[in-house]
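> Predicted model and sequence below, questions to follow.
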Amino acid sequence: MLEQAFPARSKTMREGQTMGRTGRNPAKASVGAAIFRAIRPVLTFFWNLPRNFLIGFLIAYRKVVSPLYGPVCRFFPSCSAYALEAITVHGAVKGTWLAARRLVRCHPWNDGGVDHVPAGRRTWPQDSVPKIIVLNHPVIPADEDSRSAA
């Protein structure tokens, strides 16, 4: 009876194989999943490219331009640290929007104060360190000179 209703499908299916709820052959679905697993790192790279470009720009700004001005920011964290955290936590589009809003508020008539980045939806496992912690809190090397000042 099945062969009469679906003659083409019944010939391509092996005995004991079912089409499942989607009507697809499981062997073909596993090939598609394997292809997706193979190209997933490439897709992830291109998806994160704008965010990583902005992070690189902010790190370069903090290394080159920020030392020329010194600590003049009215807010805590500084505007560059805020932008770095916003882009890392929320991504390129929303992070840039949050950083732009922060820069608009940074003017001589604003009192400043503590202004944290809104929390994101993502949570990290207990044993991992978020990338923003590594970026905003670099390891400070220990002093090699252990002589006393006297």
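Here it is on my side, so go on.

> now the helices: where do they sit in this protein?
Assigned by DSSP state H, the chain shows helices spanning 2-5, 7-12, 26-64, 66-69, 79-90, 92-105, 131-136.

> Identify each buried residue in the third one, please.
In this case it means helix 26-64. R51, L54, I55, L58, R62 (16 or more other Cβ atoms under 10 Å). Placement of C-beta: from N, CA and C, glycine included.

> Take those and write them to CSV, including distance to K94 and pLDDT.
Below are the buried residues of helix 26-64 laid out as CSV (distance: Cβ to Cβ, whole Å; pLDDT from 0 to 100):
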residue, distance to K94, pLDDT
R51, 10, 91
L54, 12, 94
I55, 14, 91
L58, 15, 92
R62, 21, 89
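
> Identify, from the residues you listed, the entry nearest to A119.
A119 has its nearest neighbour among those in R51, at 17.8 Å by Cβ to Cβ.

> What ranges in this structure fall below the confidence cut-off?
Flagging of the chain using pLDDT under 70 yields the residue ranges 1-29, 124, 129, 137-150.

> hmm, try it at 50
The chain contains residues with pLDDT under 50 at 2, 10-11.

> Tell me which residues touch the spatially closest residue to R74 that is not a sequence neighbour, please.
In space, and not counting its chain neighbours, R74 is closest to G112: 2.9 Å by Cβ to Cβ, 6 or more residues apart in numbering. Contacts for G112 were tallied using Cβ atoms under 8 Å, 6 or more residues apart in numbering; they are C73, R74, F75, F76, C106.
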